[in-house]
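Enquirer: Just to be clear, the model below is a prediction. Sequence and coordinates:
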Amino acid sequence: MDARDRLTPLLQRFRVDTRLFHAGPLCGVTTFAARPGRGFLHILRRGDMAVTHREPGGAVRRIEIDRPSLLFYPQPLEHVFHNAPTDGSDFTCASLDVEGGATHPLMRALPPVLVVPLDAIGRLEPLLQLLFDEVDNVRCGQRLVADRLFEVVLIHLLRWILDHVGELGIPPGILTGLADPRLARSLIALHESPEADWKLDSMAREARMSRSAFAAHFKEVIGSTPGQYLTQWRLTIAQERLRTGVAVSTVATELGYANASSFSRVFSQHLGTAPRNWLAEPITV
């Protein structure tokens, strides 16, 4: 794999803030509600448990966990922990406040929940030891240190996911593209410079592929054409910039559109409404 950084261009534009909110046993039934822009990262340190959530069709899915594991909820999803009323399992838990909510490109590309045994991510062991040492001992700045360590845990987890996309059954999209050695070079360039005057030829050059081979491989791995992906990436950035109060004309310039009118036309074609009307709509999960 190319040594270029596949995650930083995404996480710099769309941050995920991690905040410790629980450390210790959980007994009985504990419900974690779904909220817009809210995810969770739970670490089962000791014990065993079951967790349930409703699938899109309404069926209840139950997952049994019998060893130390990470439970990653990248998107809003109500889930319920079921622990024995005595000798409860020991957890360290953080909430994930996702900048951009449902439009965050990495979070929306992931399954609703991932359960990963801790021993599957060997490099996490010393980091988790630091995290557990912080949450187990009350010291000055404990919460701040724990929050930062959870952020590093999340980045390590995302690295691991990129290296195991095939095993995890990740559907075609940004993660499968970043896991592909050739396409990753082109995607990194698009993510770093969305405002550039990208053409199929220049994207293919980044991937060191012929124009036709690049177009076919891109569609197969990512599930859209290069042009469609670029437009979606620009609109994803645009939505976040607009939410922070940046003017439509400024966003248009930042993303390489000739003027506000051309940007608004593309925005309306893909999102069904003009930027200012979109801003007036309530944010959904």
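Expert: Ah, there it is.

Enquirer: From here on, just use CA atoms for contacts and neighbour counts.
Expert: Will do.

Enquirer: Tell me which residues of whichever helix or strand Asn277 is part of come out buried.
Expert: Applying DSSP states H and E as the criterion places Asn277 in helix 275-280. Neighbour-count burial for helix 275-280, counted by 16 or more other CA atoms under 10 Å, picks out Pro275, Trp278.

Enquirer: what mean pLDDT does it have?
Expert: Averaging pLDDT along helix 275-280 yields 90.

Enquirer: Ok, stretch 172-187 next?
Expert: Averaged across stretch 172-187, pLDDT comes to 95.

Enquirer: Just give me how far that stretch sits from the chain centre.
Expert: Relative to its chain's centre, stretch 172-187 lies at 15 Å (CA atoms, centre = their mean, to the nearest Å).

Enquirer: 9 is where my numbering starts, stick with that
Expert: In the new numbering, first residue 9, that becomes stretch 180-195.

Enquirer: How about residues contacting that stretch?
Expert: Applying CA atoms under 8 Å, 6 or more residues apart in numbering, the set of residues contacting stretch 180-195 from outside is 9-10, 12, 14, 113-114, 117, 170-171, 173-174, 178, 211-217, 226, 228-231.

Enquirer: Give me the PyMOL select line for these, limited to the buried ones.
Expert: Only the buried entries of these go into this PyMOL selection, using 16+ other CA under 10 Å:
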select buried, resi 14+113+114+117+170+171+173+178+211+212+214+215+217+226+229+230+231
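
Enquirer: Mind checking which of the contacts of stretch 180-195 land in helices?
Expert: Residues of the contacts of stretch 180-195 located in helices (DSSP state H): 113-114, 117, 170-171, 173-174, 211-215, 226, 228-230.

Enquirer: Could you tell me the phi and psi values at Arg27?
Expert: Backbone geometry at Arg27, expressed as degrees, to the nearest 10, gives phi -140, psi 120.

Enquirer: who touches it in this structure?
Expert: Arg27 neighbours (CA under 8 Å, 6+ apart): Ala102, Ser103, Leu104, Ala154, Asp155, Phe158.

Enquirer: And the furthest pair within those?
Expert: Within these, Leu104 and Ala154 form the most distant pair, 13.2 Å apart (CA to CA).

Enquirer: Settle it for me: which of these two has more neighbours?
Expert: Per other CA atoms under 10 Å, whichever of Leu104 and Ala154 has more neighbours is Leu104, with 25 against 22.

Enquirer: List the beta-bridge partners for that one.
Expert: In this structure, Leu104 bridges to Thr26, Gly47 when assessed by DSSP bridges.

Enquirer: Wait, it touches His50, no?
Expert: No. With contacts counted by CA atoms under 8 Å, Leu104 stays clear of His50, the gap being 10.4 Å.

Enquirer: Give me the residues contacting the helix holding Asn285.
Expert: For helix 283-288, contacts defined as CA under 8 Å, 6+ apart pick out Leu250, Arg251, Val256, Ser272, Phe275, Ser276.
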